[in-house]
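Peer 1: Need coordinates for the following:
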Amino acid sequence: MATAKPAGRISDEATHLTADVLIIGAGGAGMYAALEAAREGASVLLADRSLIGRGGATVMAQMTVAAALGEQTPDHWEHHLADTLAAGRGLCDERLSALLCEDGPRRLREMDTWNVGWAREDGHIKQAQAPGHDRPRCAYVDFLSTGPAVSKTLRTRLNGADGIRRVGDLTIVDIALDDGVACGATALHLPTGRTVTIAAKAVVIATGGLTGLYRRNSASSNMAGDGYALALRAGAELIDMEFVQYFPIGHLAPRLVGMDPIMWDPFRYKLGGKLLNAEMREFEADYATKDKRSDGTYKLTRDLATYAITREVEAGRGSPAGGAYLSFQHVPAAEIRKAFGPVVDRLAENGIDLAERPVEVAPIAHYHMGGIRVDPAMQTGVPGLYACGEAVGGANGANRLSGNAITEAFVFGARAGRSAAHYAASHASHWRNQAAQSARDLLAGAKPENGFNPAAAITDLQAVMADDVGPFRTDAKLRRAIDRIAQMQHDLGERPVSLGGAFDTMLSDWLDLRNMLQVAQAVARPALARTESRGAHQRDDHPALDEGWCVNQIVTLKDGAALRKVEPSTGKVLQ
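Peer 2: Model prediction:
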């Protein structure tokens, strides 16, 4: 049996690995979990299907990190909590929300000691105002590089840490279970096509969200709900799966090459960009009355801004490409350059001059509020199985407050890593070869290509989700989606299709599609059941918020089918 080493990749003979803690996913949450588990004395295997620290959502995040630091404006974590609960529309698990808000400042200050480079002014960490917050609370490195800076800092810490082995290019197929206890995982090593088994006393899922299920999204290519499917098949519960957050001002036109489609929020923070319809009229104030916390300025939460743009387009007042205009023409060119100098030059390379013409923006799938149900220790209902980061549901309720995502990665990652290490220290390994047998059989049973194209099916599924399970839903759309997903699950079959050999893209796509279809049903069925509009879940046929629906929907898996139940929420509706 091979033992964990500080670093390296799988060799040809190393088909079985061991560690105290296996962490699946190496974005911000996974890296933080690995560092914390190692600090607690655990041997750690950090596995990711892409390069360590360069996949997931954190590295793509450009903007801000919310925490009640009080560096420039007096603040307290309870004020941050009040704003988080208000955005969550009564569905937040207050234990998780409080953990996020209370521990957030500690984690940002720890990152500061690790030289992440938070922007400063007069010796204090700068904090910007963001939608939904009652005061400036969001730190940043710079407005377009916060995520890359955070990821680089965590990678640097990993390089100096003992007891962490990093393995990239590894797709986890299933969690290994022994008598209902998580004891490791089975994986596919993409460069060699080899099956790899991993024995671990504790397993942490840190695979991010599911926005890759949608045709137009801001996700990394590996964020299509893998962790949710792994958790479901292992026996864990999912919560709040119907709540998919759209980023309202994803770039639409003109063509933008080499820049992130969700880059425009920092410009609005600093320069006061105006959303205009085809009549070149500002329209946000028309929708501000939907939220008593808004006054018509740039304070609409993301769900309301998405609603506003979509309704303007439906009313025939959209921009030529089907969105809205975002204009900075009222801002002097010198001021634009002073705020975003090098970025202005990159925009010019794309033929964009913000002082002369507006850009077109439209909603884009960006974040998922739901996820794996955990307790404040980040433990699921399956012994030995933990989760963290965006893979966790509950903290954000029906809508995530701007800036909470990276904070969540830090706080929940650290908590999951520490909890998993403590569990591993007090429990013997449950690993048996038989625990991985079903996953090994699945891979061994792959059949040659037979005309079924899983890559094309993934594209079809993304279209179904975008068109029928998007930001504005109806009974007819959701039923159509559920039927279509069920048909696609039937077409998928029970045995993978494979090209054989290394870098088997067909087998990889089949495994992805298997996960995506399970997760798509876990989103669509609760969305159909929730006959109201709340936060990021908007029903055109049930447009009002219904206090009778102040419940959390829980999804479990039985005989391969997603089942749902409801539980009263402990959250408070703050409007």
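
Peer 1: so residue 153 makes contact with residue 111?
Peer 2: Yes. With contact defined as Cβ atoms under 8 Å, residue 153 reaches residue 111; the gap is 6.3 Å. For the C-beta atoms, the positions are set from N, CA and C on the backbone; glycine is no exception.

Peer 1: out of these two, which sits in the more crowded spot?
Peer 2: residue 111 (23 against 20; other Cβ atoms under 10 Å).

Peer 1: The more buried one and residue 20, how far apart?
Peer 2: Distance, residue 111 to residue 20, using Cβ to Cβ, to the nearest Å: 25 Å.

Peer 1: cool, residue 443 as well?
Peer 2: To residue 20, residue 443 is 26 Å away according to Cβ to Cβ.

Peer 1: Please say which of those two ends up with more neighbours.
Peer 2: Counted by other Cβ under 10 Å, residue 443 and residue 20 do not tie: residue 20 has more neighbours, with 25 against 19.

Peer 1: who's in contact with the more buried one?
Peer 2: Residues in contact with residue 20 (Cβ atoms under 8 Å, 6 or more residues apart in numbering) are 37, 42, 43, 44, 200, 201, 202, 421, 424, 425.

Peer 1: Is it located within a strand, as I assumed?
Peer 2: Yes. Counting by DSSP: H, G, I helix; E, B strand; the rest coil, residue 20 is found in a strand.

Peer 1: Relative to residue 186, how far out is it?
Peer 2: For residue 20, the distance to residue 186 - Cβ to Cβ - is 18 Å.

Peer 1: Count the residues that sit near residue 131.
Peer 2: Other residues close to residue 131 by other Cβ under 10 Å number 24.

Peer 1: should've said residue 392
Peer 2: For residue 392, using other Cβ under 10 Å, the count is 32.

Peer 1: Do you know the pLDDT at it?
Peer 2: Listed pLDDT for residue 392 reads 98.

Peer 1: For it, list the residues it contacts.
Peer 2: 96, 371, 372, 374, 378, 408, 412.

Peer 1: quick one, phi psi at it?
Peer 2: Per-residue torsions, residue 392: phi -90, psi 140 (degrees, to the nearest 10).

Peer 1: Who does it form a beta bridge with?
Peer 2: residue 372 (DSSP bridges).

Peer 1: where's residue 304 relative to residue 222, distance?
Peer 2: 30 Å.

Peer 1: Could you look up the SS state of residue 410?
Peer 2: Criterion first, three-state DSSP; result for residue 410: helix.

Peer 1: What are the neighbouring residues in contact with it?
Peer 2: Residue 410 neighbours (Cβ under 8 Å, 6+ apart): 28, 29, 32, 65, 104, 107, 108, 111.

Peer 1: Name the nearest residue to the second one, sequence neighbours excluded.
Peer 2: For residue 29, the nearest residue in space outside its immediate sequence neighbours is residue 389; the separation is 2.7 Å by Cβ to Cβ, 6 or more residues apart in numbering.

Peer 1: what's near enough to touch the nearest residue to residue 380 once chain neighbours are set aside?
Peer 2: Among residues not flanking residue 380 along the chain, residue 236 sits closest, at 4.1 Å (Cβ to Cβ, 6+ apart). For residue 236, the contact set (Cβ under 8 Å, 6+ apart) comprises 372, 373, 380, 381, 382, 385, 387.

Peer 1: which one of the contacts of residue 392 is nearest residue 347?
Peer 2: The shortest gap between residue 347 and any of the contacts of residue 392 belongs to residue 408, at 30.4 Å (Cβ to Cβ).

Peer 1: how far away is the most centrally placed residue in the chain from residue 121?
Peer 2: For the chain, the residue nearest the mean C-alpha position is residue 209 (3.3 Å; Cα atoms, centre = their mean). Distance, residue 209 to residue 121, by Cβ to Cβ: 33 Å.

Peer 1: cool, residue 43 as well?
Peer 2: Per Cβ to Cβ, residue 43 is found 42 Å from residue 121.

Peer 1: what does stretch 495-504 rub up against?
Peer 2: Residues outside stretch 495-504 that contact it (Cβ under 8 Å, 6+ apart): 190-193, 442-443, 445-450, 452, 454, 505-507, 510-511, 514.

Peer 1: Residue 162 - how many residues pack around it?
Peer 2: Count around residue 162 with other Cβ under 10 Å applied: 10.

Peer 1: So which of the contacts of residue 20 are in helices?
Peer 2: Secondary structure assignment (DSSP state H) places 37, 421, 424, 425 from the contacts of residue 20 within helices.

Peer 1: what about the second one, distance to residue 559?
Peer 2: Distance from residue 421 to residue 559, counting by Cβ to Cβ: 35 Å.

Peer 1: which of these two has more neighbours?
Peer 2: The neighbour comparison of residue 421 against residue 559 (other Cβ under 10 Å) goes to residue 421, with 25 against 5.

Peer 1: residues contacting that one?
Peer 2: With Cβ under 8 Å, 6+ apart, residue 421 has these contacts: 20, 21, 36, 37, 38, 40, 41, 42, 202.

Peer 1: The last one contacts residue 384, doesn't it?
Peer 2: This points to residue 202. Yes. Using Cβ under 8 Å, residue 202 is in contact with residue 384, at 5.1 Å.

Peer 1: Now list whatever residues contact both of those two.
Peer 2: With Cβ under 8 Å, 6+ apart as the test, residue 202 and residue 384 both reach 182, 423, 427.

Peer 1: most neighbours, which of the contacts of residue 410?
Peer 2: Neighbour counts for these, by other Cβ under 10 Å, peak at residue 29, which reaches 37 neighbours.

Peer 1: correct me, but it touches residue 386?
Peer 2: No. In this structure, residue 29 is not within contact of residue 386 by Cβ under 8 Å, at 10.9 Å.

Peer 1: residues shared between the contacts of those two?
Peer 2: With Cβ under 8 Å, 6+ apart as the test, residue 29 and residue 386 both reach residue 416.

Peer 1: So which elements touch the longest helix belonging to the chain?
Peer 2: Counting by DSSP H, the longest helix found in the chain is helix 505-529. Contacts defined by 3 or more Cβ pairs under 8 Å, 6 or more residues apart in numbering; DSSP states H and E place helix 505-529 against strand 170-178, strand 181-189, helix 226-234, helix 454-468, helix 475-492, strand 497-498, strand 551-558, strand 561-568.

Peer 1: Which positions within the first one qualify as buried?
Peer 2: By neighbour count, and taking 16 or more other Cβ atoms under 10 Å as the criterion, the buried residues in strand 170-178 are 170, 171, 172, 173, 174, 175, 176, 177, 178.

Peer 1: of all these, which comes closest to residue 465?
Peer 2: When these are compared against residue 465 (criterion: Cβ to Cβ), the nearest one is residue 171, at 21.6 Å.
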